[in-house]
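Chemist: From the sequence below, what's the structure:
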Amino acid sequence: QVQLVESGGGLVQPGGSLRLSCLASGVTFSTYAMSWYRQAPRKERELVATITTGGGITNYADSLKGRCTISRDNAKNTVYLQMNSLHPEDTAVYSCQAARQGSGGLIYSYWGPGTQVTVSS
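Modeler: Now for the predicted structure:
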């Protein structure tokens, strides 16, 4: 059974930092590209960052570029999101996604339940 579990969210003051983690089980983690998404109340889900299977390529949303870093440890089946200089508008539920393309173009995609990040003074 595939399971993704995020942790590390919480309440942080503006300008503060958080490190989110997402632990995967039930998948061959190293074969999946990993992404972080976020969804704020009354807003569309937004892609935050993506990292390739080996960690060699990363991409970031413009809204967080320069303020966050995605990384992964394939030995620990974990992907991380380090966020710095947080703004109140970064408040959202942050979820991780594991995705890979199988034979015949079939996409395998799994999601975690998310972790709440609240940026407020």
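Chemist: excluding its backbone neighbours, what's nearest the residue nearest to the spatial centre of the chain?
Modeler: Geometric centre of the chain, nearest residue: Trp36, 2.3 Å, by C-alpha atoms, centre = their mean. Take Trp36 and drop its neighbours on the chain: the residue closest to it by C-beta to C-beta, 6 or more residues apart in numbering is Val48, 4.3 Å away. Where C-beta positions appear, they are placed from N, C-alpha and C, glycine not excepted.
Chemist: and the strand or helix carrying the one you found, what other elements does it pack with?
Modeler: In this assignment (DSSP states H and E), Val48 forms part of strand 46-51. Contacting strand 46-51 under the criterion 3 or more C-beta pairs under 8 Å, 6 or more residues apart in numbering; DSSP states H and E are the following elements: strand 33-39, strand 58-60, strand 68-73, strand 78-83.
Chemist: need the contact list for the residue nearest to Trp36.
Modeler: Counting by C-beta atoms under 8 Å, 6 or more residues apart in numbering, Val48 makes contact with 35-38, 60-61, 64, 68, 70, 81, 94.
Chemist: and what of Pro88?
Modeler: 14, 119-120 are the contacts of Pro88 under C-beta under 8 Å, 6+ apart.
Chemist: For it, give me phi and psi.
Modeler: phi -60, psi -30 (degrees, to the nearest 10).
Chemist: again, but for Gly104
Modeler: Backbone geometry at Gly104, expressed as degrees, to the nearest 10, gives phi 70, psi 10.
Chemist: same check, this time on Glu89
Modeler: phi -70, psi 0.
Chemist: Tell me the confidence at it?
Modeler: pLDDT for Glu89: 94.
Chemist: just Leu64 next, same as before
Modeler: Confidence at Leu64, expressed as pLDDT, is 87.
Chemist: contacting residues for it?
Modeler: 48-49, 83, 90.
Chemist: Adding distance to Gly102 as columns, could you present those residues in a markdown table?
Modeler: Listed next are the contacts of Leu64 as a markdown table, based on distance: C-beta to C-beta, whole Å:
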| residue | distance to Gly102 |
| --- | --- |
| Val48 | 25 |
| Ala49 | 23 |
| Met83 | 32 |
| Asp90 | 34 |
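Chemist: from the residues you listed, which two are the most distant?
Modeler: Ala49 and Asp90 (12.7 Å; C-beta to C-beta).
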